[in-house]
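Engineer: can you look at this prediction? I've put the sequence above it.
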Amino acid sequence: MKAVWHGQVIAESDRTLEVGGYRYFPRDSVRMDLLRMAPKSASDLECPHGVQFYDVTDGVAASKRAAWSYEEPQPKMKPVDHWMGFWEDVEIG
């Protein structure tokens, strides 16, 4: 599986997991150099899983809040603890 943003592979792994309709990648398979921690919104702070969103950026272009991870997941999301999910401008395939 790959996560591709603007033609760049930002994550690639054969150990991805699908949870809740989203595909998650182990953090060690993600190009963290292309992610910047986004400020938490009020709804982020209410998330029971401790969600942290990331902007995907190469220093020129950016996709706001196009990646996330759960930093304090409850049992349902525990399998993807600190793994990365992607959406919006990031293609998964």
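Structural biologist: All right, it came through fine.
Engineer: distance check, the residue lying closest to Asp81 once chain neighbours are set aside against Gln52.
Structural biologist: Nearest non-adjacent residue to Asp81, counting by CB to CB, 6 or more residues apart in numbering: Pro73, 5.0 Å away. Where you see a C-beta, it was placed from the backbone N, CA and C, and this is true even at glycine. Distance, Pro73 to Gln52, using CB to CB, to the nearest Å: 11 Å.
Engineer: please apply the same query to Pro79.
Structural biologist: Using CB to CB, we find Pro79 at a distance of 17 Å from Gln52.
Engineer: over to Ser69?
Structural biologist: Using CB to CB, Ser69 is found at 6 Å from Gln52.
Engineer: please apply the same query to Lys78.
Structural biologist: Distance from Lys78 to Gln52, counting by CB to CB: 16 Å.
Engineer: and what of Glu88?
Structural biologist: Going from Glu88 to Gln52 by CB to CB gives 16 Å.
Engineer: any idea of the pLDDT on Pro26?
Structural biologist: The model reports Pro26 with a pLDDT of 98.
Engineer: which residues touch it?
Structural biologist: Taking CB atoms under 8 Å, 6 or more residues apart in numbering, we find Pro26 in contact with Ser13, Arg15, Thr16, Trp83, Met84.
Engineer: how about the contacts made by the second one?
Structural biologist: Residues in contact with Arg15, defined by CB under 8 Å, 6+ apart, are Pro26, Ser29.
Engineer: residues near the residue nearest to Met37 when sequence neighbours are not counted, how many?
Structural biologist: Spatial nearest neighbour of Met37, excluding adjacent residues (CB to CB, 6+ apart): Tyr54 at 5.9 Å. Number of residues near Tyr54 (other CB atoms under 10 Å) recorded here: 22.
Engineer: no further queries at this time; thank you.
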